[in-house]
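*Asks:* Curious how this folds, go ahead:
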Amino acid sequence: MQQTPKNLDKKRADEKLLVSEMIALYCRKQHDTPKGTLCPECRQLHDYALARIEKCPFMETKTFCSACKVHCYKPEMREKIRAVMRWAGPRMLPVHPVLSIRHVAVTLKSKREAKKANG
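*Replies:* Model (predicted):
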């Protein structure tokens with residue numbers, strides 16, 4: 001069995017944390033669930049997203065799922081996670097400033113690199 005580098009494990013853990021926090025914020029504000037709990041629909045999306053991140057073969061080279069060339073989410077789940085990200089993304093800064101700033105920095109860096117690579 002192949003060992004995964006520690007930095008890859010950290011990257012995977014960071015992405016899981018970001019997705020978990022965004023889904024939690026969305027569920028708390030949109031479905032009025034108490035902090036620390038998720039409604040059944042959001043729990044299903046959360047578990048699905050974490051399973052996709054855990055099995056991602058491109059984790060070493062990609063930034064976030066939205067920037068990936070291969071979309072491994074089922075269409076229904078992809079729409080659900082998009083809705084969560086669209087709603088929670090702008091609202092994350094006051095709740096989780098460090099996660100938010102790190103996410104923006106990584107996204108901007110990857111966009112610059114993609115622009116350089118494409119000419």
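
*Asks:* residues in contact with stretch 77-96?
*Replies:* 19, 21-23, 25-26, 29-30, 41-42, 45, 48-49, 65-66, 71, 73, 99-101, 103 (C-beta atoms under 8 Å, 6 or more residues apart in numbering). Every residue, glycine included, has its C-beta placed from N, CA and C.

*Asks:* Out of these, name the ones that lie in helices.
*Replies:* Secondary structure defined by DSSP state H assigns 19, 21-23, 25-26, 29-30, 41-42, 45, 48-49, 99-101, 103 of these to helices.

*Asks:* what residue is smack in the middle of this structure?
*Replies:* Within the chain, the residue whose C-alpha comes closest to the C-alpha centroid is residue 19; the distance, by C-alpha atoms, centre = their mean, is 3.8 Å.

*Asks:* What sits closest to it if chain neighbours are left out?
*Replies:* Nearest in space to residue 19, with sequence neighbours left out and distances taken as C-beta to C-beta, 6 or more residues apart in numbering, is residue 49 at 4.9 Å.

*Asks:* so the one you found touches residue 21, yeah?
*Replies:* No - Residue 49 is not in contact with residue 21 according to C-beta atoms under 8 Å; the separation is 11.6 Å.

*Asks:* All set now, cheers.
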